[in-house]
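S.K.: What follows is a predicted protein model with its sequence.
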Amino acid sequence: MRNLLYCLTLSICCLAPNAIAKPNVLLICVDDLRPELRSFGVDYIHSPHIDSLADQGRAFHRHYVQAPTCGASRYALLTGNYGPADNRAIFKRAELLAENPQSVTPSMPAWFRQHGYTTVSVGKVSHHPGGLGGDDWDDISILEMPHSWDRTLMPSGAWQHPRGAMHGLAHGEIRVVRSEMDVYQDVQGPDTIYPDGLITKEALNQLEILAQDNQPFFLAVGIIRPHLPFGAPTKYLEYYNDVELPPTPHPEKPEGLSTWHESGEFFHYNRWDKDPRSDQAFAHEVRKYYAASVTYADSLIGDVLHKLDSLNLRENTIIVLWGDHGWHLGEHAIWGKHALFEESLRSPLIIAYPELSQKGKSTNALAESIDIFPTLTELAGIATPEFTQGKSLTPILKDPRLSGDPVVGYFRGDRYTLRTDRYRLITHPDGQAELYDHDSPEGETVNLAENNPELVNKLKAKLKNQFKK
C-alpha cells in the first residue's frame, strides 16, 4: 500500500507541472497573407474562423514583418532576431550551426524543446515546407532547422515532393514550366484536392497524437495559400461571385526613388496575355481568386481550431496566427511582395489564450515578428532568452491602448525601413531616402525626404539604434 501511494504521488508530481504550469502553443503560419480579413476591416472577405479567433484574442492591426520574402521573414519569427534578407536565411543559419554550434543561438522551437515541450512542424513553417533541403526539398540529411523539431512533416501526396506541393494546383499538378501554369484556378472538390488540405489533415492527426502525451506541445502548422498560384476549391470562389470589390488605392507606379519592382513572380505565370495593370476586369478577377484562397486557408484554420476544441485543449493552449508578410494587389502597380511599402510588410497577427483580458479588443500598437518569441516564452512561463532582439508584447496584451515601439524591416540590396506611429523611412545604400507621412492622405505616394533632412537624419539614427536593442 505504501509503495502504491508513493507511485501515485510521484506520478502526480511528474504530471502536474506539464499539465498545469506549461500551456501548449499552437502557431499557425499563413503564407502571403495580407490583412485581407473581415476582422481587420476588409468587409467583403469571408473569414469567419480567423475572425472568431480575433474575437477571442488580441488582433494586432499594425504588425510588421522584418522582410517581404518568406525565408527572411520566417527567420525573424523563428529566431526572435533580425537576420539575412533573402530566402536562404534559415539555411544559412543551419550552415553556421554546422560550422560552429556555439555561434548560433537556439531557435524558438529549440528553446521550447529544451524546456520540456514536444515540438512538431507540419507544412510550411520554415521556408521549405517540411523543413528539408535538396533538389526537391525532401533530403532528410539537409535540415533547415537542426535541433528544433521532434517531428517535421510535409505530406506531399500526388504532388510528389514538398517542392511540388509548394506551388501545386489541383489533383497533383506541379510547377514545371512556370509560364505553363495558370496564375489562378478553381476546381470542384474537397479541400484535399490542393496541398493545404493534406497539410491540415496531418495537423489534425498530430493534435490527436499530442493530446495523448503528458508533455506540453509546441505545434506549428504552415498553410501555403494564399501564395501563388491562387488555387482553391470552387466552393470558396463562390463567396465572391457577386461581390464588387472596392477600388485599389494608389494604383500608379511611384515616380522617382522607391523599392518598386516588376512583379516578376506573378508575371511569369500563365495570364492568358492579360495584364492587371492595364486590364481592370482581369485585376478584379485576380483579386477575387486571392480572396478565395484566403477563405480556403480560413476554412482549414477552422478545422485545426475545431480539433483543438474537440480534444479539450483550447483552455490550456496559447494560439498565435501569423502572416509571413503582405502582398500587393495592384497598389503601387505591384502584384507581389518584394518591396518595402506598407502592403508588403504589414501582415495579420492574432494572439489568443484563456487568461487574456479584454478579449476581442484589437490594438493599433506597433509590433514586429521578432517580438513573438519573447512573448510566447513569457506567456508559457518559461525563461525568456536574453539573446532575442524582440520585445515581449505582453504589456499590449494586457492593455491594447499602448502604442508599441517603432519597427524595422529590410530587403536585398542593403535597403532598410523604419515604421514609426506616423512615418515610414526607407534608406538606400547610396544614402538617399524615402520618407512618407501616414497622417497625410497621400500616405506612401509622396516622398517628403528632400524637404525634411533633419527628420530623415533623426529617423536614420533611430533605425540604426533599433538593430542594437
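M.R.: Noted; the coordinates are in hand.
S.K.: beta partners for the closest residue to Gln215 other than its chain neighbours?
M.R.: Nearest residue to Gln215 in three dimensions, chain neighbours excluded: Thr118, at 4.7 Å (Cβ to Cβ, 6 or more residues apart in numbering). Placement of C-beta: from N, CA and C, glycine included. Assessed by DSSP bridges, Thr118 has beta-bridge partners Phe217.
S.K.: which residues touch Thr118?
M.R.: Asp150, Leu210, Asp213, Gln215, Pro216, Phe217, Phe218 (Cβ atoms under 8 Å, 6 or more residues apart in numbering).
S.K.: do that again at 6 Å, thanks
M.R.: Going by Cβ atoms under 6 Å, 6 or more residues apart in numbering, Thr118 touches Asp150, Gln215, Phe217.
S.K.: Make TSV from the residues you listed and add distance to Lys92 and neighbour count to it.
M.R.: Below are the contacts of Thr118 laid out as TSV (distance: Cβ to Cβ, whole Å; neighbours: other Cβ atoms under 10 Å):
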residue	distance to Lys92	neighbour count
Asp150	24	15
Gln215	31	16
Phe217	28	24
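S.K.: Can you lay out these as CSV showing distance to Leu198 and pLDDT?
M.R.: Shown next, in CSV, are the contacts of Thr118 (distance: Cβ to Cβ, whole Å; pLDDT from 0 to 100):
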residue, distance to Leu198, pLDDT
Asp150, 20, 98
Gln215, 26, 95
Phe217, 21, 98
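S.K.: CA atoms only: put stretch 89-100 into PDB for me.
M.R.: Listed next in PDB are the C-alpha coordinates belonging to stretch 89-100 (Å, rounded to 0.1, in the frame of the first residue of the first chain):
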ATOM      1  CA  ALA A  89      18.300  32.900 -44.400                       C
ATOM      2  CA  ILE A  90      17.300  29.900 -42.300                       C
ATOM      3  CA  PHE A  91      19.600  27.500 -44.300                       C
ATOM      4  CA  LYS A  92      22.500  30.000 -43.800                       C
ATOM      5  CA  ARG A  93      21.800  29.700 -40.100                       C
ATOM      6  CA  ALA A  94      21.900  25.900 -40.400                       C
ATOM      7  CA  GLU A  95      25.300  26.100 -42.200                       C
ATOM      8  CA  LEU A  96      26.700  28.300 -39.400                       C
ATOM      9  CA  LEU A  97      25.400  25.900 -36.800                       C
ATOM     10  CA  ALA A  98      27.200  23.000 -38.500                       C
ATOM     11  CA  GLU A  99      30.500  25.000 -38.700                       C
ATOM     12  CA  ASN A 100      30.400  26.400 -35.100                       C
END
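S.K.: And for it, what's in contact with it?
M.R.: With Cβ under 6 Å, 6+ apart, stretch 89-100 has contacts from Gly71, Ala72, Tyr75, Gly83, Pro84, Ser103, Val104, Ser126, His127, Glu144, Pro146.
S.K.: Identify the farthest-apart pair in these.
M.R.: Distance extremes for these: the farthest pair is Ser103 and His127 at 20.8 Å, using Cβ to Cβ.
S.K.: And the two? Which one has more around it.
M.R.: His127 (26 against 9; other Cβ atoms under 10 Å).
S.K.: Contacts only, for the more buried one.
M.R.: Cys70, Gly71, Arg74, Asn87, Ile90.
S.K.: what ranges do the helices span in the protein?
M.R.: For the chain, the helices defined by DSSP state H occupy 2-16, 48-56, 70-79, 89-99, 108-114, 162-166, 195-211, 234-237, 264-267, 280-310, 342-345, 372-380, 394-398, 453-466.
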